[in-house]
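Visitor: This is the structure alone, sequence omitted:
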Ligand SMILES: Cc1ncc(COP(=O)(O)O)c(C=O)c1O
């Protein structure tokens, strides 16, 4: 107890009420602590487990070329950038990385943000404003939802991947001066892919801006992992492409690709870009090395997809419901949150880390385990994971 506040009413007491409620619903989580590197077999909370919970799709978090690039940058340039990008914090490496990303994505220009979250929220909030309209898929990421709220534009949510509903909304809202259609490229909790050609065509037909968040598609879909725009051959048709440097790229950050005017506008108006310090040089250097690895080691993406097929087939054989996933994100649908959390905890005790996800991250009654395989899992890792899933799943009645 702080002596200065002893005897007074705790104004934050309501937080404990929420925490108690979370505990009673089985939704209270402690943070699992990783000792050592982010690897397919890793030590969390003092236990060696097969790791099906990281976004390290291609194993780049520990790639020797990224490590070397980061170390070199630390030695030559120090550990911090010392300023926001718009004052003194734009280093040569930041500009090199933006040019590299634009070239990789085949767009005119790119801007890097501190995170994918900042890229989405900062972009949506700055390109739309009061009186405009945002049309957003119901399963879009929280950073899109928050950016939409910050923009003060009107928000209409269309049912998940329902292009006909989107068309109807576009028909009904012609009076808005500016409209943005926005979708995740790969949906982070279900692992399904947006109907990009149809959604993009609908946006164009109605003169709306088309934006995609390719956080889980970058490094996964398209040639050398160029994302959904490349996967569907939509180059030049999607106005705003967001990606992250924190998942398949293995480092940290987010980016936006598009026209030179879009990027120059974001340099002047995107608040996380303007008001938050830029990445340390080691981050930019490691990201630069990652794009070289993507192009020069295509076997990583091939292994990622071979592993994805192996895990999905195994789960289906065991009788699990994996929903509508088409990518390395494979949910195991369970229903109630307390069962999902119990399932996840029991798996962990048996040597498998597959995170349980419940409300509010997913809708009530749609709790699940979320699994992600990586290129670096061995067949033995995956077969062992399936055997643990089968045993625990049967013991808890998730499968028969
Ligand atoms: C779909 C989606 N968009 C954006 C983000 C944010 O990316 P970052 O972790 O780089 O902030 C995430 C990560 O959780 C995500 O799943």
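Guide: Noted; the coordinates are in hand. On a predicted model such as this, the values are computed, not experimentally measured, just so you know.
Visitor: Going by C-alpha atoms from here, please, whenever you check contacts or count neighbours.
Guide: Noted.
Visitor: which non-adjacent residue is nearest the residue of the stretch 101-250 of the chain found nearest the ligand?
Guide: Closest to the ligand within the stretch 101-250 of the chain is residue 116: 3.4 Å, counting by Cα to the nearest ligand atom. Nearest residue to residue 116, sequence neighbours excluded (Cα to Cα, 6 or more residues apart in numbering): residue 254, at 3.7 Å.
Visitor: buried sites along the longest helix along the chain?
Guide: Across the chain, the helix with the greatest residue count (assigned by DSSP state H) is helix 299-318. Using 16 or more other Cα atoms under 10 Å as the burial criterion, the residues of helix 299-318 that qualify are 300-301, 303-309, 311-312, 314-315, 318.
Visitor: And the residue nearest the centre of this structure?
Guide: Using Cα atoms, centre = their mean, the residue of the chain that lies closest to the mean C-alpha position is residue 215, 4.4 Å off.
Visitor: In terms of pLDDT, where does that one sit?
Guide: pLDDT recorded at residue 215 is 98.
Visitor: State the distance from it to residue 32.
Guide: 23 Å (Cα to Cα, to the nearest Å).
Visitor: do residue 146 as well
Guide: From residue 146 to residue 32 the distance is 26 Å (Cα to Cα).
Visitor: More neighbours: these two, which one.
Guide: Taking neighbours as other Cα atoms under 10 Å, residue 146 and residue 32 compare with residue 146 leading, 16 against 11.
Visitor: residues in contact with the more buried one?
Guide: residue 121 (Cα atoms under 8 Å, 6 or more residues apart in numbering).
Visitor: residues from this protein in reach of the ligand?
Guide: Within reach of the ligand by Cα under 6 Å from any ligand atom, the chain has these residues: 115-117, 141, 184, 188, 213, 215, 244, 246, 253-254.
Visitor: Buried by neighbour count, from those: which ones?
Guide: 115-117, 141, 184, 188, 213, 215, 244, 246, 253-254.
Visitor: Okay, and which of those map to helices?
Guide: 116-117.
Visitor: got the phi/psi numbers for residue 111?
Guide: Here is the backbone geometry of residue 111 (degrees, to the nearest 10): phi -130, psi 140.
Visitor: Give me the pLDDT value at it.
Guide: So, for residue 111, pLDDT stands at 98.
Visitor: Tell me, how many residues neighbour it?
Guide: 25.
Visitor: Likewise for residue 168?
Guide: 12.
Visitor: Show me how far the helix or strand harbouring it is from its chain's centre.
Guide: Assigned by DSSP states H and E, residue 168 belongs to helix 163-172. How far helix 163-172 lies from its chain's middle: 27 Å, per Cα atoms, centre = their mean, to the nearest Å.
Visitor: got the contact list for it?
Guide: Here helix 163-172 has contacts from 135, 158-159, 195, 198-199, 202-203, 206, using Cα under 8 Å, 6+ apart.
Visitor: tell me which residues in that helix are buried?
Guide: 163, 166-167, 170.
Visitor: Strands of the chain, residue ranges please.
Guide: 34-35, 41-44, 47-51, 109-113, 133-137, 154-158, 179-184, 209-213, 240-244, 254-258, 329-335, 352-353, 355-357, 367-372 (DSSP state E).
Visitor: In its sheet, which strands sit next to the fifth one, and in what direction?
Guide: Think strand 133-137. strand 154-158 (parallel), strand 179-184 (parallel) (DSSP bridges).
Visitor: Would you mind finding the most buried of those?
Guide: strand 179-184 (a mean of 26; mean count of other Cα atoms under 10 Å).
Visitor: contact partners of that strand?
Guide: Outside strand 179-184, the residues that reach it (Cα under 8 Å, 6+ apart) are 128, 132-137, 139-141, 194, 203, 207-215.
Visitor: let's see 6 Å
Guide: By Cα atoms under 6 Å, 6 or more residues apart in numbering, the residues outside strand 179-184 that reach it are 133-137, 140, 208-213.
Visitor: Least reliable of the strands of the chain by average pLDDT, please.
Guide: strand 355-357 (a mean of 93).
Visitor: Could you name the helices and strands sitting against it?
Guide: helix 337-349, strand 367-372 (3 or more Cα pairs under 6 Å, 6 or more residues apart in numbering; DSSP states H and E).
Visitor: what's the neighbour count on the closest residue in space to residue 195 that isn't next to it in sequence?
Guide: Residue nearest to residue 195 in three dimensions, not counting chain neighbours: residue 161, with 6.5 Å by Cα to Cα, 6+ apart. Applying other Cα under 10 Å, we find 20 other residues in the vicinity of residue 161.
Visitor: do residue 10 as well
Guide: So residue 10, with other Cα under 10 Å, has 9 neighbours.
Visitor: Also residue 257?
Guide: 26.
Visitor: quick one: contacts for the closest residue to it other than its chain neighbours?
Guide: Among residues not flanking residue 257 along the chain, residue 110 sits closest, at 4.2 Å (Cα to Cα, 6+ apart). Residues in contact with residue 110 (Cα under 6 Å, 6+ apart) are 98, 102, 256-257.
Visitor: Thanks again, I'm all set now.
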